[in-house]
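K.L.:
I would like the atomic coordinates for the input below:
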Amino acid sequence: MPAWPRGAALLLAVAFLSAPACRARPETGSRPSPTPSPAEHSATTLPTPGCRSPDLDAYAGRGRAQTRSLTVGGEERTFRIFVPASAAPADPAPLVLNFHGLGSSGAEQERYSGLLAVAAREGFVLVSPDGRGQPRRWGIPGLPSEGGLEADLAFVDALVAELGARLCLDAARIYATGLSNGAFFSSALACLRPEMFAAVAPVAGIYFPPGGCKGEVPLLAIHGRLDEVVPYGPGLIFGLVPYRGAEAYAADWARQNRCRPEWERLQRSPHVVETSWRGCKAETVLLTVEDGGHTWPGAFDVPRLGPTNREFSAADAIWAFFERHARRPAPRAGRARRSAVRTAAACAIASYRSSSGGSSAESPYRRRRAAAMRASARTGFFGSTLPCR
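P.N.:
From the prediction side, this is the model:
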């Protein structure tokens, strides 16, 4: 398979896989008090090195998914990558990492999740990596697969760095999602790499490691109440591995994300209930799929994994959640220089679009980001006036 050139028991998944909201009177826990909805992300953008010197060969396959490899620690690791047709070498794009479950693959998860169509429509780069071992899996802290954790973390670190060096990405908008074992891993990444990920969305496998987490990361969890593999409530996975339940782990995340103990429940559709916590430093939401099994809502049927809910698309819900969140690095010395660099990037994008006449394939995400970046170019990212020339 083509290599990506270099510069420098376990959880079941798919072994053979290759609505308007109905708003009901909210049910609340503790003593509720009004809480504003989470703010939309600001104009802040963190262009990766690939925005300064993009690898134009990396854009040659825009509009189609490809398999690539990367050598990390002497081991070849593979992944699927989709760069949307609307991607431009001067336009920082969001990145979504999409992790498969036990025994599955990046290609199967790419197809099953439905995120490929969303990436094409919305203009983000989608990467679906392959785990390691037989069966393929991801290392999870505190579980039997923990032995592979360090190698998988090193892979993710190297993969994100390599992508950011070759493509123009927005480092403030890197996200992770996954199914089952991949959901556990995306939860673990939020715990262990909070400085990298702007938000995560585990499906059928929200998890909070026993050793705790390093920071706050917005989290959307989706879990079916009829899941017989990773139980919705307290139980055992495969009758062996203790699991505290989706609600318990979501409550752990609410505490980690510095939410108040108050929560609100809304009936979003006949079989989907949303639980959200109030006053969070990082938004925390659990979608309970009352008629869902160990499956991805909106996907095709996999009968042995239980029923699939089609009242909403998990892929669309995940992207809508991701799009609300951008990572906000803590201010530190040198912010004026960074402001100038980011404004220069905004000006470069405006210049690129002006010279190219725009693109008919430009995504809704890109149009919203372009408006925000034009505004930031006029006022500066930290309030100073740094006009484009």
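
K.L.:
give me the number of residues near residue 98?
P.N.:
29 (other C-beta atoms under 10 Å). To be clear about C-beta, it is placed using only N, CA and C from the backbone, and glycine gets the same treatment.

K.L.:
What strand or helix carries the nearest residue to it once chain neighbours are set aside?
P.N.:
Setting aside the residues directly before and after it, residue 98 is nearest to residue 128 in space (C-beta to C-beta, 6 or more residues apart in numbering), at 4.4 Å. Secondary structure assignment for residue 128, by DSSP states H and E: strand 125-129.

K.L.:
Against which helices or strands is that strand packed?
P.N.:
Packed against strand 125-129 by the contact rule (3 or more C-beta pairs under 8 Å, 6 or more residues apart in numbering; DSSP states H and E) you find strand 75-82, strand 93-99, helix 106-113, helix 115-122, helix 149-166.

K.L.:
Out of these, which is the most enclosed?
P.N.:
Counting by mean count of other C-beta atoms under 10 Å, strand 93-99 has the highest mean neighbour count of the helices and strands packed on strand 125-129, with a mean of 27.

K.L.:
Sheet-wise, list the partners of it with their directions.
P.N.:
Paired neighbours of strand 93-99 in the sheet (DSSP bridges): strand 125-129 (parallel), strand 169-179 (parallel).

K.L.:
Let's see the shortest one as CSV, backbone CA atoms only.
P.N.:
The C-alpha coordinates for strand 125-129 follow below in CSV (Å, rounded to 0.1, in the frame of the first residue of the first chain):
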residue,chain,number,x,y,z
VAL,A,125,-10.4,16.0,7.1
LEU,A,126,-11.4,12.5,8.2
VAL,A,127,-8.8,10.0,9.3
SER,A,128,-9.8,6.4,10.3
PRO,A,129,-6.7,4.6,11.8
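
K.L.:
ok, back up a step: residues near the residue nearest to residue 98, how many?
P.N.:
29.

K.L.:
Of the strands paired with strand 93-99, which is nearest residue 198?
P.N.:
strand 169-179 (5.4 Å; C-beta to C-beta).

K.L.:
pLDDT averaged over stretch 194-207, what's the number?
P.N.:
Across stretch 194-207, the average pLDDT comes to 98.

K.L.:
buried ones in that stretch?
P.N.:
Going by neighbour count (16 or more other C-beta atoms under 10 Å), the buried part of stretch 194-207 is 194, 196-207.

K.L.:
sorry, back to before: for residue 241, see how far away the residue nearest to residue 98 is.
P.N.:
Residue 128 sits 25 Å away from residue 241, going by C-beta to C-beta, to the nearest Å.

K.L.:
Ok, residue 220 next?
P.N.:
Distance from residue 220 to residue 241, by C-beta to C-beta: 24 Å.

K.L.:
of the two, who's got more company?
P.N.:
Neighbour count, other C-beta under 10 Å: between residue 220 and residue 241, residue 220 has more, with 27 against 17.

K.L.:
Would you agree the more buried one falls within a helix?
P.N.:
No. With DSSP: H, G, I helix; E, B strand; the rest coil as the criterion, residue 220 is located in strand rather than a helix.

K.L.:
Wait, it touches residue 316, no?
P.N.:
No. Proximity of residue 220 to residue 316 does not meet the contact threshold set by C-beta atoms under 8 Å, at 11.9 Å.

K.L.:
any common contacting residues for the two?
P.N.:
Common contacts of residue 220 and residue 316, defined by C-beta atoms under 8 Å, 6 or more residues apart in numbering, are absent altogether.

K.L.:
I'd like the strands paired with strand 93-99 written out as TSV, with mean pLDDT and distance to residue 96 added.
P.N.:
Shown next, in TSV, are those (pLDDT from 0 to 100; distance: least, C-beta to C-beta, whole Å):
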stretch	mean pLDDT	distance to residue 96
strand 125-129	98	5
strand 169-179	98	5
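
K.L.:
Tell me the confidence at residue 64?
P.N.:
In this model, residue 64 is scored at 96, pLDDT.
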